[in-house]
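A.B. asks: pasting a predicted model and its sequence here:
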Amino acid sequence: MTDPGPGISASLDATGTEDDLRSLLRWLRADETAGVRAGLAAAPPPPAGGMGSGFDMLQFAVSGGLSVAALVVSVLQWQTSLRRAPAVTLRRGDVEVQLTAQAARDEETVRRFVALLDGDTAPAAPRTRTEGSGGDDGTA
């Protein structure tokens, strides 16, 4: 794959295998809503005396917030389709988020991941409302 510029890369946690990575790549290529170009990236060179691991990363070229959101949702859908899904770490520049199948259950978490990967460096904190028995200032 050619250099996508400021794209997003994905790697799997230690439970993931190269087959899992290829499965995710096939899933994303088949998902027409994701709208991303994806390809395998070679692993960095192994340390002296070590063996290489082949491919250990996917690289994506995305074109804006809609594609970032579609990518995140597609990865989460892939994870929920598996019995034991590895965590997927998505990186864009200095921003790194780790997607798990459990993250798909929390819409606010998914929104924050998308905002971070889309370049919104200060996503809104989730609003929580506390109801107390006291007055307007929350004191009893």
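C.D. replies: Thanks, I have the structure now.
A.B. asks: which parts of this protein are strands?
C.D. replies: Secondary structure of the chain, counting by DSSP state E: strands at 8-12, 37-42, 55-61, 88-92, 95-99.
A.B. asks: from the contact counts, what lies against the fourth one?
C.D. replies: On a contact count with 3 or more Cβ pairs under 8 Å, 6 or more residues apart in numbering; DSSP states H and E, strand 88-92 meets strand 8-12, helix 65-80, strand 95-99, helix 107-117. For glycine as for every other residue, the C-beta is placed from the backbone atoms N, C-alpha and C.
A.B. asks: what lines up beside it in the sheet?
C.D. replies: Strand pairing for strand 88-92, using DSSP bridges, gives strand 8-12 (antiparallel), strand 95-99 (antiparallel).
A.B. asks: to residue 41, which of those lies closest?
C.D. replies: Closest approach to residue 41 among those (Cβ to Cβ): strand 8-12, 6.8 Å.
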